[in-house]
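Student: From the sequence below, what's the structure:
(one chain, ligands or ions: 2)
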Amino acid sequence: MNEEVRLEGVTHVYVTEQGASLAVEAINLALAPGEFVSLVGPSGCGKTTILSLIAGLLRPTQGAVMVNGRAVSRPDGKVGYMLQSDYLFPWRTILQNVKIGLELTGNRTPEAEERALRLLEEMGLAHTKDWVPQQLSGGMRQRVALVRTLATEPELLLLDEPFSALDYQTKLQLEDLIVETLKKKGKTALLVTHDLAEAIAMSDRVIVLDRHPGRIRREVSIPEDIRKETPFRAREHPDFYPIFNEIWSELEAKNAGGRSRHGEEEDRHADAT
Ligand code: ADP
Ligand code: MG
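Tutor: Ligands and ions are numbered 1, 2, ... in the order given. Predicted coordinates:
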């Protein structure tokens, strides 16, 4: 099978002045081209670490990280990264912000600029191209961040909790827009979220992580009937909540175990929503 992403026996240890801390251990993961996969788990379980390894921002302590069949050694224009904070430069216009990615990757050609402008149109943002970020709502700003990420034509998108600073309605709209856009363009995506409903509604597959250290606990393939709905409609599907409840009870059981070992009852309530 050709794979967009493959992690083989990946372990990562952070070394700090306080000592060494095992963040993720023995992670095996593969994403097929065009697949949309979510990683869920409580905060601190290593989700961002896994994305940083795939993005080439960190080197694994052990194991192999491959993107498109090649070992990852540094950040690469073929991988786009989108974060919770949009990191728009306040003094640049929207269009100038969108072009930053092109400048950084040395792709600032007339064709690329034209493509960026078309993407802004597709996202309903053409009228804002000469505005500054301050004039935009949080949801619009995240749409700009998405355009900036897509403008460099990455094959793979890494999305690290991109909706968590948004209000619920905006988040639902953006979920639909992202899934529709990435499916239409045939992109592969790995979404990190602590919101289980969001993961199920958006993904082809959901991967549940354990923590201390982060390990893959379970993988759940989302049935075709739910996948073919938009994330908004998926939540209304009769099979949605049975799947939600099944994974939820597993997260609860896991955290109950974690509590007795680590005394972290409060984390369960804070993280699992
Ligand atoms: P998540 O994204 O799931 O919240 P992270 O990948 O950020 O988790 O962190 C996993 C673990 O690694 C946590 O215990 C965190 O404290 C630790 N960690 C993350 N980044 C660093 C770092 N730069 N230095 C040391 N420890 C880190
Ligand atoms: Mg994180």
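
Student: Quick one: name the residues of the chain near ligand 2.
Tutor: 47-48 (C-beta under 5 Å from the ion). Using the backbone N, CA and C atoms, a C-beta is placed for each residue, glycine as well.

Student: near ligand 1, which residues of the chain show up?
Tutor: Residues of the chain lying close to ligand 1 by C-beta under 6 Å from any ligand atom are 14, 16, 21, 23, 43-49.

Student: now the helices for the chain?
Tutor: For the chain, applying DSSP state H gives helices covering 47-55, 94-104, 110-122, 138-151, 168-184, 196-202, 224-227, 231-234, 240-262, 265-271.

Student: Pull out the buried residues from the third one.
Tutor: Okay, so that is helix 110-122. 112-113, 115-117, 119-120 (16 or more other C-beta atoms under 10 Å).

Student: Just the mean pLDDT for it, thanks.
Tutor: Helix 110-122 carries an average pLDDT of 92.

Student: Then the last one?
Tutor: Helix 265-271 shows a mean pLDDT of 40 in the predicted model.

Student: And the second one, by the same measure?
Tutor: Taken as a whole, helix 94-104 has an average pLDDT of 91.

Student: next one: the fourth one
Tutor: Computed over helix 138-151, the mean pLDDT rounds to 93.

Student: So for it, what gets flagged as buried?
Tutor: Within helix 138-151, the residues scored as buried using 16+ other C-beta under 10 Å are 139-151.

Student: From what I see, residue 158 and residue 81 are in contact.
Tutor: Yes. The pair residue 158 and residue 81 qualifies as a contact (C-beta atoms under 8 Å) at a distance of 4.8 Å.

Student: where do the contact lists of these two overlap?
Tutor: 51, 55 (C-beta atoms under 8 Å, 6 or more residues apart in numbering).

Student: Between the two, which is the more surrounded one?
Tutor: residue 158 (25 against 17; other C-beta atoms under 10 Å).

Student: and the more buried one, what is it in contact with?
Tutor: Residue 158 neighbours (C-beta under 8 Å, 6+ apart): 51, 54-55, 79-82, 189-190, 192.

Student: so which of these would you say is closest to residue 33?
Tutor: Taking C-beta to C-beta as the measure, residue 33 lies nearest residue 189 of the contacts of residue 158, at 10.9 Å.

Student: Quick check: the closest one touching residue 160?
Tutor: No. Using C-beta under 8 Å, residue 189 is not in contact with residue 160, being 11.5 Å away.

Student: These two: who's more crowded?
Tutor: Legend: neighbour count by other C-beta under 10 Å for residue 189 and residue 160, higher for residue 189 (25 against 21).

Student: right, and residue 113 touches residue 101 too?
Tutor: No. Between residue 113 and residue 101 there is no contact under C-beta under 8 Å: 11.5 Å.

Student: Tell me how many other residues crowd residue 43.
Tutor: Neighbours of residue 43 (other C-beta under 10 Å): 13.

Student: swap that for residue 90, sorry
Tutor: Residue 90 has 8 neighbours, counted by other C-beta under 10 Å.

Student: same thing with residue 55?
Tutor: Here the count is done by other C-beta under 10 Å, and residue 55 has 20 residues near it.
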